[in-house]
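Colleague: build me a model from this:
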Amino acid sequence: MSEKTAEISVTSGSKPIRVCLLGSEGSGKTCFLAGLAVLREPNRHKRITVRGKDRATVEFLDEMQGTLRRQQWPPPTNMTTILNMSIGLGKTAIEVLIVDYPGEDFRNELMKLKRDRIKELHDHYADSEAILLLFDPDRDVRAVGDLAHSDELIKRQMAHLEAIDELWATNSAQLACGRTKQVDVAIIVTKSDKESDLSDSSSVKRFFQKHAGRLDAKIRRRAHVVEYFPLSAIGHSVSDARDGKAPILPGKELSPSGYEEILGWVLRRHQWRVWQPWFRRGIIAAILTCIVGLALFGWQSLQQSDGLAILKDPKLSRVEKLERTQECSDTAVRQLRATVFSEEMATLSTNLDLATGSPAVEEVLGKADRLANMQPGAMLTQIDSLRQACRQKEEDILHQKLGDAYSSNALDFPDLAGRFLRDYPASPRCDKVRDLINKRRGEDEKRDRDRIDHIRVISADNLAQKGEDISKFVAKYQASLTGDEVKRMRRAAELARQFSEKNTYKVKLKQTSGLTDAYFQGVNLRIEGTMVKEYATSGKSREVNWDDDDIKIQWSAGQPILVTWRKLWSAGSWGNSDIATLHDDGPVALRILSGKQPLRVESDWVKLCPNSLIHFEVDGISEDDWKLFALYVFPGGGL
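Modeller: Numbering: from 1, shown residues only. Okay, the predicted model is just below:
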């Protein structure tokens, strides 16, 4: 996600106003600046003028202007840049400081700035009176459909301001200032030229609240005043059909719209803050001067009558009654208002006790936040307690939910447990949640061990699959396995893969023994019925240490192997006969050619060969390898 943060200071009198500009990737921040670049053209008959205050900014604005003039969209940002410009609105100069940077990590990009630049951003943020939030109508508004998405979006928007604050604290060895006042928020829906219904503030408000109601509610709780604006950096766009595609491009005639309304609102809100105290004092002075005795009494009576009527109106909710009478100072109204306040608090407390899910708790918390802004007086302490109870209730609900997920072996347990640790890192329940995570991991590991252990090897495909399952097991649970066990299991999985495919093996016959008398001897080796090698001695012996060269065989899992030990024809011992055999028609017959193996002696040779033994060796496969293979793979025991 690429972000841009701008601090705008409006010079009006001796003290400037500071405004923060925020928006997620694709919300139209670069196009917002490109629109400003177009407005600086000398032939524009607008109240707005735009002037770069340094060479880098002038070059940037020229590039943005030229890009739109070529009917192209501005390219993504590829380096961190600070832009400094002055925007004129009538006779008022608006000083703009913008940080434009690439990448997903806003904090890392901030850390690349020099200390004085970080302080400059921090000071702008600490004194900011308004925030301009840019939203793409599709990606940022229509796409917001669930509570988790709404929470993520608002956290992502506010994280930029917190990052500026924290980074300045780190670099200056000072405590972060944090927000000391509520700010005004302008919700700006960009690309309004593509939305025929987004023509003014009212239509934008209806559009935003319809598609992003939860996000709108969260913004309103944080803001002092919220206003809505449409914005288009180009005025209109065109389709350019090429190769069967129709991309949307800027039109030839550029007419950025919405800027004057936004900047005018910023100025009016600033002027209201400046003149509000004097305005109030003037009203009070006029009332004290012009209204005397009976007139004052009549006004107070009327206020009391209206206030009491509102508080007793059965068609209004308690919250609506409190909102409409919050400015009323009459004693009788205040007393009745306190009663309504208490009743609403009691209802909210009951609703919180009955809440079983996060939406119900969110509803109670939202109403509590509204009450806090209605001059609650002494009730503010109770409201703060209710807010704390809401947060505790949300923790209780999530903890219960993850506990149920653990008990029922639900697949969402890891996500719920991780969410609890992130949202409530200071909770005393965190240790218990971590214990459940570790316990579930242990249970999952045992279950996977047992499952793999019960896979019986009956074919080459079956053998390959078991080897792959063992490899996945090691990758998943490596952190809880010993280093030796990891090596052993990986070797077993490698052998399973090797045996499941046809490979060439070097085999050597080393010894035959067990005869009571000396004979000419021979050994025949067959694979899948085909003679692979015939061995024969040149003399008589009871025990033969064979010195024949290694042979190469082709074998894969499932091919049977037969070894026949024979007595060969010689003078005084006529004819050939089989002494004993060694046969394996299972999926891993190669194992009979590894190490010393007893043979099945033919009945005529039982007395002449009481302890038959044949010894083969397969190059590259040790006795330990066969033990690992038997332990982890074949036929299915040991994990």
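Colleague: in this structure Leu402 contacts Ala417, no?
Modeller: Yes: between Leu402 and Ala417 a contact is recorded at 5.2 Å, counting by Cβ atoms under 8 Å. In short, each C-beta sits where N, CA and C put it, glycine included.
Colleague: any shared contact partners between these two?
Modeller: Any residue near both Leu402 and Ala417 by Cβ atoms under 8 Å, 6 or more residues apart in numbering counts here, and that gives Val433, Leu436.
Colleague: more neighbours: those two, which one.
Modeller: The residue with more neighbours, out of Leu402 and Ala417, is Leu402; 25 against 22, by other Cβ atoms under 10 Å.
Colleague: skip the chain neighbours and tell me the closest residue to the more buried one.
Modeller: With Cβ to Cβ, 6 or more residues apart in numbering as the measure, Leu416 is the residue that lies nearest to Leu402, at 3.9 Å, once sequence neighbours are left out.
Colleague: Leu365 too?
Modeller: The spatially closest residue to Leu365, leaving aside those adjacent along the chain, is Cys390, at 4.3 Å (Cβ to Cβ, 6+ apart).
Colleague: for that neighbour, give its distance to Arg214.
Modeller: Separation of Cys390 from Arg214 (Cβ to Cβ, to the nearest Å) stands at 16 Å.
Colleague: repeat for Ser237
Modeller: Distance of Ser237 to Arg214, computed by Cβ to Cβ: 30 Å.
Colleague: how many neighbours does the residue nearest to Leu365 have?
Modeller: A count of neighbours around Cys390, defined by other Cβ under 10 Å, yields 22.
Colleague: what's the helix or strand where it lies packed up against?
Modeller: Assigned by DSSP states H and E, Cys390 belongs to helix 380-407. The contact analysis (3 or more Cβ pairs under 8 Å, 6 or more residues apart in numbering; DSSP states H and E) places helix 380-407 against helix 331-354, helix 358-372, helix 413-423, helix 430-453.
Colleague: what is the neighbour count of the closest residue to Lys510 other than its chain neighbours?
Modeller: Once its chain neighbours are removed from consideration, Lys510 has its nearest residue in His615; the separation is 4.5 Å (Cβ to Cβ, 6+ apart). Summarising burial for His615: neighbours were counted as other Cβ under 10 Å, giving 17.
Colleague: so what's His615 bridging to?
Modeller: When bridges are assigned using DSSP bridges, the partners listed for His615 are Gln511, Lys596.
Colleague: right, and it touches Pro598 too?
Modeller: No: applying Cβ under 8 Å, one finds His615 not in contact with Pro598, separated by 10.7 Å.
Colleague: quick one: residues contacting Thr543.
Modeller: One thing to correct before we go on: residue 543 is Glu, not Thr. Gln511, Thr512, Ser513, Gly514, Leu515.
Colleague: want to try TSV for the residues you listed, with distance to Arg497 and pLDDT as columns?
Modeller: Formatted as TSV, the entries for the contacts of Glu543 read as follows, by distance: Cβ to Cβ, whole Å; pLDDT from 0 to 100:
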residue	distance to Arg497	pLDDT
Gln511	31	96
Thr512	33	97
Ser513	35	96
Gly514	36	95
Leu515	40	95
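Colleague: by neighbours, which of those wins?
Modeller: Thr512 (28 neighbours).
Colleague: how near is that one to Leu525?
Modeller: Using Cβ to Cβ, one obtains 12 Å as the distance from Thr512 to Leu525.
Colleague: with Glu363 instead?
Modeller: With distances defined as Cβ to Cβ, the gap from Glu363 to Leu525 amounts to 81 Å.
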